[in-house]
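1. need a structure here:
(chains A and B)
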Amino acid sequence: MSVATETAAPAPAPTKKKRSRLEHRPGLNRWLPYALLAPAVLLELFIHIIPMLVGIWMSFVKLTKFFIANWSSAPGAGLGNYKVALDFNNAVGQGLLKSFGVTVVFSLVTVAFSWVLGMAAAVALQPEFRGRGIIRTLFLVPYALPAYAGILTWNFMLQRDTGAVNHVLNQLHLTDGKPFWLIGSNALISLITVAGWKLWTFAFLTLMAGMQSIPRDLYEAASVDGAGNIRQWRNITLPSLRPVNLVLVLVLFLWTFSDFNTPYVLFGTAQPPAGDLITFHIYNASFLTWNFGTGAAMSVLLLIFLMIVTGAYLLVTGRRSRRA
Amino acid sequence: MGISLAACGGGDKDDSSGGSTGDQTLTYWASNQGTSLDNDKEVLTPVLQKFTQETGIKVNLEVIGWNDLQTRIQTAITSGQAPDVVNIGNTWAASLQATDAFLPFDGDAMTAIGGKDKFVPTALATGGKEGTDPTSVPLYGLAYGLYYNKAMFAAAGLQPPKTWEDMVAAAKKLTNPAKNQWGMALAAGSYTENVHFAFINAAQNKADWFNSDGKPTFTGDGNVQGVLRYLDLMQKDKVANPSNAQYDNGTKSVNDFATKKVAMVINQNNADSSIVANGMKAGEYGVVPFPAPVGGEQVASHVAGINLSVFKNTKHKDAALKFVKYMTDANTQTTLGKPFSSLPVLKDAKPVFTTDAAEAATFQDVYNTKSKPLPLVPAEDQFESTVGKAMNAMFAKIATGGTVTAEDVKAALKTAEDQVAASS
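-> Next up, the predicted model:
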């Protein structure tokens, strides 16, 4: 693209000529932007919109193993799939509700954990010092590492008998006996740790980028006025980062809430109830029991929930920034 | 990018329809039977080459791991982009039959593969729902057996157990947690293994998991007590390491046995290759049928194994049937029996997976006379996942210090039953 502008710049005359030729063909002129947009629109249609519509359609039919070979013949289920998913007196609905609860806790804690860690690291690396570049690079490793490899390593480390985590804890005399990390109630702690480990670097990266745009004079002026580090962070860094934080927290929340890779790779087929995140729950509900209709209904419910949360979040934060 | 994507999609379609003209190439999805996917390929390639020489039909082989196989088959059914022939876990047979995506072996098709009389009847019974034309035929037979370490038993003055009570007593005697020595290893974190033991233990109590209408009956007394008896190996009898609750596949418990950390393990006969690969010699272990409690039904295994299915939409039906015939004939069965440690599915064949005659006789006896097929109902897959996962969770509770009572088992099985009922 840069090549095109360079060649166009030194020769203004032909450009003029071209423009006049284009004026003779207003049709092309009008359609060119759409033509340029078309590939993106088509891709969006095929990759996002159509699969989403198919998913919504699936949630209204009885798509079980009896019909997947010829799924156009699957009978309609009306709201049946939704009734099953939302009937909390029933095993399926109860399972979904529990999984939803686990996911809410998981998301809130993971987002808080990642944000605090990312913020701490970004603040620590704000002043220039020797080796800053190396530390920054090191901090980016969890983000650069393929998710599968990283989580699988955690799986090894969290094994009860042979894992590094229990070994270290025993050496430090922090635990008596050998706790399980991948089954039972500790599974949620492990899940949060691993997801947070993967995610905090993104928070760090975003916040660090945001901090680059805060004028240094502000800090200098504040120091002259006698403001300490904490005061500076609270009154300069935090307000300046507000727009960044708004987006960051939302993105982190959406990512963690619909996290699939972490539980899938960390627990494999032996996922414990304490680590039963909702996307994984839906996957099991669809693929293990071959009931794609109910699975799709659960997915649509998840979509609606996330849309409501996002909408409410944007509404509230938008209103507040207008007032401010 | 849009163009290249479209081109890709088009290419795939051309591939699948292109085969119909003259050139006979079958696509075959094999399951993982050997020590690794590569090992499977090595073993199968010469066998498939021989088939090509004999018939002129080429076979395109893909070996698929167990973790992916079911999803791959589901995707193939849904999209219609399927292989011609596929290996399935025989317990899936009735569920897959219900999808109507597989070719029924009716009279003609059955004749084309050599007739139904060549198969062991219990093995062929796993091919589909009772009273229908099966949509799969047995390929490799497997059965559970109780492996025991001969030296450990001799040192403790023990005889190989004949009843459940003997087994528990021997296991207690051979357990010493202080030395990290345990009587048994259980794949207690594997829902597929767990559900097999739920089934076998309930069968020993004469309990069934589905009634004649195909409705789940998970909460019967025999079912609850059977499940609890198995859980109690870790809970009450304390003969298994609580760490076993994390063993999410059978290989891990077999490795504990092969490295002599435990005295006994209950596994299917394909454990042999792993045991030997981990350093135990053939004469160092013995095998007896997995015992029932005194007064119980003598069920020692489900009819385990691998079946072979043909996709209905294949464009090479005759070639596919020829291939099924070839894979299930006596010669091929003998060739593959040893590397895959499988029992023959043919009536008159002798097991070749081990040189230990007593072991071979035990497994063949279990397979032919002491095995019961898993429920042959469309909801079988849901039975596996719901009951198996409930057992995972109960083992996890026991391992982390909790207690599981008969009431708890009943409640867990009730939840599983509701899940199955809700989706059928």
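2. does residue B:167 really touch residue B:264, like I thought?
-> Yes. With contact defined as CB atoms under 8 Å, residue B:167 counts as touching residue B:264 (7.3 Å). In short, each C-beta sits where N, CA and C put it, glycine included.
3. Next, show the common contact partners of these two.
-> Any residue near both residue B:167 and residue B:264 by CB atoms under 8 Å, 6 or more residues apart in numbering or on different chains counts here, and that gives residue B:146.
4. Strands of chain B, start to end?
-> B:25-31, B:58-64, B:85-89, B:137-142, B:144-149, B:182-185, B:262-268, B:285-288, B:301-302, B:304-310, B:371-372 (DSSP state E).
5. need these in a markdown table with distance to chain A and mean pLDDT, can you?
-> A markdown table is the format used below for the strands of chain B (distance: least, CB to the nearest CB, whole Å; pLDDT from 0 to 100):
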| stretch | distance to chain A | mean pLDDT |
| --- | --- | --- |
| strand B:25-31 | 16 | 95 |
| strand B:58-64 | 15 | 95 |
| strand B:85-89 | 13 | 95 |
| strand B:137-142 | 20 | 95 |
| strand B:144-149 | 20 | 96 |
| strand B:182-185 | 12 | 96 |
| strand B:262-268 | 13 | 96 |
| strand B:285-288 | 23 | 96 |
| strand B:301-302 | 19 | 94 |
| strand B:304-310 | 13 | 95 |
| strand B:371-372 | 24 | 92 |
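6. Ranking those by mean neighbour count, which comes first?
-> strand B:137-142 (a mean of 28; mean count of other CB atoms under 10 Å in any protein chain shown).
7. Just give the nearest non-adjacent residue to residue 103, would you?
-> In the absence of a named chain, this looks at chain A. residue A:278 (4.3 Å; CB to CB, 6 or more residues apart in numbering or on different chains).
8. looking at chain B here, not the other one
-> Nearest non-adjacent residue to residue B:103 (CB to CB, 6+ apart): residue B:310, at 4.3 Å.
9. Then residue A:253?
-> That would be residue A:111: by CB to CB, 6+ apart, it lies 5.3 Å from residue A:253.
10. Is the one you found in contact with residue A:249, as I believe?
-> Yes. Applying CB under 8 Å, one finds residue A:111 in contact with residue A:249, separated by 6.5 Å.
11. So the two - more neighbours on which side?
-> More neighbours surround residue A:111 than the other of residue A:111 and residue A:249, with 24 against 17 (other CB atoms under 10 Å in any protein chain shown).
12. Flag every residue of chain A that's near chain B.
-> A:39, A:42-43, A:46, A:64-66, A:68-71, A:84, A:90-92, A:94-95, A:159-161, A:178, A:180, A:182-186, A:268-270, A:272-273, A:284, A:287-291, A:294 (CB under 8 Å from any CB of the partner chain).
13. go again using 7 Å as the cut-off
-> For chain A, the residues in contact with chain B (CB under 7 Å from any CB of the partner chain) are A:39, A:42-43, A:64-66, A:68-69, A:71, A:84, A:90-92, A:159-161, A:180, A:182-184, A:268-270, A:272-273, A:287-291, A:294.
14. Give me the buried entries from the residues you listed.
-> Listed as buried from the residues of chain A next to chain B are A:64-66, A:68-69, A:71, A:84, A:90-92, A:159-160, A:180, A:182-184, A:268-270, A:272-273, A:287-291, A:294; burial here means 16 or more other CB atoms under 10 Å in any protein chain shown.
15. pLDDT at the residue lying closest to residue A:175 once chain neighbours are set aside, what is it?
-> Excluding the flanking residues, the one nearest residue A:175 by CB to CB, 6+ apart is residue A:169, at 4.6 Å. Predicted confidence (pLDDT) for residue A:169: 89.
16. how close does residue B:34 sit to residue B:342?
-> Separation of residue B:34 from residue B:342 (CB to CB, to the nearest Å) stands at 11 Å.
17. Same drill for these two, tell me which one is more crowded.
-> Neighbours per residue (other CB under 10 Å) separate residue B:34 from residue B:342, with residue B:342 holding more: 24 against 20.
18. How about the contacts made by the closest residue to that one other than its chain neighbours?
-> Of all residues not flanking residue B:342 in the chain, residue B:140 sits nearest, at 3.5 Å (CB to CB, 6+ apart). Each residue near residue B:140 by CB atoms under 7 Å, 6 or more residues apart in numbering or on different chains is listed here: B:33, B:305, B:306, B:340, B:342, B:345.
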